[in-house]
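Enquirer: Okay, predicted coordinates and the sequence, questions at the end:
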Amino acid sequence: MRKHILLAALTVSAVSPAMAGPREDSDAGIARCASLGDDRAYLNCIYGAVQPLRARLGLPPAPEAQIRAVPPVAAASAPISPRPAAAPSAASSRVPSEAAFAGGMRERMDNFTFGRGGLFRLMLENGEMYRQDPNDAPRAKWSGRGSDYQVFVIKQGPRNAVMKVAGDPNVYRMQKIN
């Protein structure tokens, strides 16, 4: 079964990222799961890999642990942002790929600030305001203008979301302010 899923995903992964949709992104994520030897880790990875399709269908998001189980995309295949991206910081051992966020909301930051303990507050260009979850481990190292950063947001309820910043390997948990 794994071989069939892997072959289907590898066939689909030849599609350019600009043309890929939630289904193709899910297939590409499943292909990356094939490298996991443990059956439970493999299954959790698949559940996380189909997050773009779940988002498109309006289904509840996969748990964050499953999204984090998807191995990252190689840097060469990451989407190119038309504006400068953040300088990469130290990557955690398991971060979701950009493809996992394809079904989420794609926005630009309007502005951001850092508060106590390095936690951020930000406003998106659409006016939504978020603050970093105080229990979130990664700390952002952004500099410059907020509009320099493209972000991918997956809402996980009315007040919670996860965010990936193009060019930054971290995934940030956030709480909506407004």
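Expert: Done, it's in. Numbering: from 1, shown residues only.
Enquirer: in stretch 132-139, what counts as buried?
Expert: For stretch 132-139, the neighbour count (16 or more other CB atoms under 10 Å) marks 132, 136, 138 as buried. Placement of C-beta: from N, CA and C, glycine included.
Enquirer: now that stretch: mean pLDDT?
Expert: Taken as a whole, stretch 132-139 carries a mean pLDDT of 91.
Enquirer: and if you look at stretch 60-70?
Expert: 83.
Enquirer: Which residues does that stretch contact?
Expert: Stretch 60-70 has contacts (CB atoms under 8 Å, 6 or more residues apart in numbering) with 29, 32-33, 36, 41, 44-45, 47-51, 54-55, 94-97, 100, 154-156, 162, 171, 173.
Enquirer: out of the buried residues of stretch 132-139, which one sits closest to residue 21?
Expert: Using CB to CB, residue 138 comes nearest to residue 21 of those, at 28.4 Å.
Enquirer: List the contacts of residue 50.
Expert: Taking CB under 8 Å, 6+ apart, one finds 26, 29, 30, 62 in contact with residue 50.
Enquirer: What about these, which one has the most neighbours?
Expert: Ranked by neighbour count under the definition other CB atoms under 10 Å, those are headed by residue 29 with 29 neighbours.
Enquirer: C-terminal to the helix or strand in which that residue is found, what's the next element?
Expert: Assigned by DSSP states H and E, residue 29 belongs to helix 22-33. Following helix 22-33 in sequence order, the next helix or strand is helix 39-49 (DSSP H and E).
Enquirer: could you point out where this protein is predicted with low confidence?
Expert: 1-20, 73-104 (pLDDT under 70).
Enquirer: ok so, going back, the contacts of residue 50: which two are farthest apart?
Expert: 30 and 62 (12.9 Å).
Enquirer: The biggest strand by length in the chain packs against which elements?
Expert: With secondary structure taken from DSSP state E, the chain has its longest strand at strand 105-114. For strand 105-114, the packing partners by 3 or more CB pairs under 8 Å, 6 or more residues apart in numbering; DSSP states H and E come out as strand 120-124, strand 150-155.
Enquirer: Can I get it in PDB? Just the C-alpha atoms.
Expert: Extracted as PDB, the C-alpha positions of strand 105-114 are listed here (Å, rounded to 0.1, in the frame of the first residue of the first chain):
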ATOM      1  CA  MET A 105      -5.000  31.800   4.500                       C
ATOM      2  CA  ARG A 106      -2.100  33.500   2.600                       C
ATOM      3  CA  GLU A 107      -1.500  37.000   3.700                       C
ATOM      4  CA  ARG A 108       1.200  39.600   4.300                       C
ATOM      5  CA  MET A 109       1.900  41.100   7.700                       C
ATOM      6  CA  ASP A 110       1.100  44.800   8.100                       C
ATOM      7  CA  ASN A 111       3.300  45.200  11.200                       C
ATOM      8  CA  PHE A 112       4.700  43.400  14.200                       C
ATOM      9  CA  THR A 113       6.200  44.100  17.600                       C
ATOM     10  CA  PHE A 114       8.100  42.000  20.100                       C
END
